[in-house]
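**Student:** below is the structure, and that's it, no one-letter string:
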């Protein structure tokens, strides 16, 4: 009897794990199919322009992965996107729609530049202070809309977007007035001794971004804190009934999300040419990060992969333009299609009818095996 009971328990657990396995497969398949569909439609558009899409895609790959130097450039282009993507993933897991990644990214870089220039720091001390300041001020910049949400109930999507503009104009004030480089609209370059060292083809910040992605994945999916964050994201009411400090967790999600973006801004400042604040610094990284988080199905490891894909598209787009003579807007179209298909696919597989259909497929397979 005891042996029979022991055998019965694993069978139930096996049924549950099989269902979870099916969901994980869908989570992986959806973005892959989205990318393939976007590339196919992109190829059709290129063909309609009278150009060869195969030659164009080959040029794109050559321009982004053709040699060590190009791989390094692609990795460095993807680096800030990894940070803003991770920032969006962490916030979204707690049910917080942080659209302020760009502002937090810019504020982290601005605060780093200010303290390094103000204190006249050089070498490792400049890097250490710059990165810590970037983390702190990125977190503080996210803390403010977080407080407004939990105390006044203000919509965080609106407040975080508004804070993006404040951060942008603060950076502009900094590089035009406070630390203008000989009257030019830019700050002086960070000291050469404070530039992030290269590891292989790319700077050290790329390695930090990848390690951080693994750490965020571990925290979200393998710790009790991460479980609480996910519980609040799935149902704040249920989490509150079970004794979770919902308001505190929401605030922490804001701060950690902002700190990740702020660190990305500081690393972009110390790791990538021209090593200074100027017009256009950080532009578009925040909203690209949100898109990356959605395409990756809110998985931190997936966000790294999608950011690298965006890096390939961005770096290789110039080569494709020069080889087959198509506008770089084609890359923007492909990127937009990936986002549309990924988000639509994610919403589709969560529909009750689709879930029921997938479950019925699993049951049919079991019935066939038994027969």
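**Tutor:** All right, it came through fine. Keep in mind it's a predicted model, so treat the numbers as computed, not measured.

**Student:** and the helices in the protein?
**Tutor:** Per DSSP state H, the chain carries helices over the ranges 2-48, 53-65, 68-93, 101-119, 123-152, 156-173, 204-222, 224-234, 236-241, 246-271, 285-295, 300-324, 329-349, 352-370.

**Student:** residue 193 is nearest to which of those?
**Tutor:** Residue 193 lies closest to helix 123-152 among the helices of the chain, at 4.4 Å (CB to CB). For the C-beta atoms, the positions are set from N, CA and C on the backbone; glycine is no exception.

**Student:** any idea how far residue 227 is from residue 93?
**Tutor:** 11 Å (CB to CB, to the nearest Å).

**Student:** who has more neighbours, the two?
**Tutor:** residue 93 (25 against 13; other CB atoms under 10 Å).

**Student:** my guess is the more buried one contacts residue 252. True?
**Tutor:** No. Taking contacts as CB atoms under 8 Å, residue 93 lies outside contact range of residue 252: 11.7 Å.

**Student:** pull up the overlap in contacts between these two.
**Tutor:** Residues touching both residue 93 and residue 252 (CB atoms under 8 Å, 6 or more residues apart in numbering) are residue 229.

**Student:** neighbours of residue 184, how many?
**Tutor:** If you count neighbours by other CB under 10 Å, residue 184 ends up with 12.

**Student:** pLDDT weak spots in the stretch 51-200 of the chain?
**Tutor:** Within the stretch 51-200 of the chain, not a single segment meets pLDDT under 70.

**Student:** now residue 270: closest residue in space, sequence neighbours ignored.
**Tutor:** Spatial nearest neighbour of residue 270, chain neighbours left out: residue 196 (5.0 Å); criterion: CB to CB, 6 or more residues apart in numbering.

**Student:** wait, that neighbour sits on residue 207?
**Tutor:** No. Between residue 196 and residue 207 there is no contact under CB under 8 Å: 9.7 Å.

**Student:** who has more neighbours out of those two?
**Tutor:** Using other CB under 10 Å as the criterion, residue 196 and residue 207 rank with residue 196 on top: 24 against 15.

**Student:** hmm, who's touching stretch 227-240?
**Tutor:** The contact list for stretch 227-240, computed with CB under 8 Å, 6+ apart, reads 90, 92-96, 220, 242, 244, 246, 249-250, 252-253.

**Student:** how long is that stretch end to end?
**Tutor:** 14 Å (CA to CA, to the nearest Å).

**Student:** mind listing what the closest residue to residue 39 other than its chain neighbours touches?
**Tutor:** Closest residue to residue 39 apart from its sequence neighbours, by CB to CB, 6+ apart: residue 334 at 6.6 Å. For residue 334, the contact set (CB under 8 Å, 6+ apart) comprises 38, 39, 41, 42, 313.

**Student:** nearest residue to the third one other than its sequence neighbours?
**Tutor:** Computed as CB to CB, 6+ apart, the closest residue to residue 41 that is not its neighbour in sequence is residue 337, at 5.7 Å.

**Student:** my read is that that neighbour contacts residue 40, right?
**Tutor:** No. Assessed by CB under 8 Å, residue 337 is found out of contact with residue 40, at 9.4 Å.

**Student:** that's all I had, so thanks and see you.
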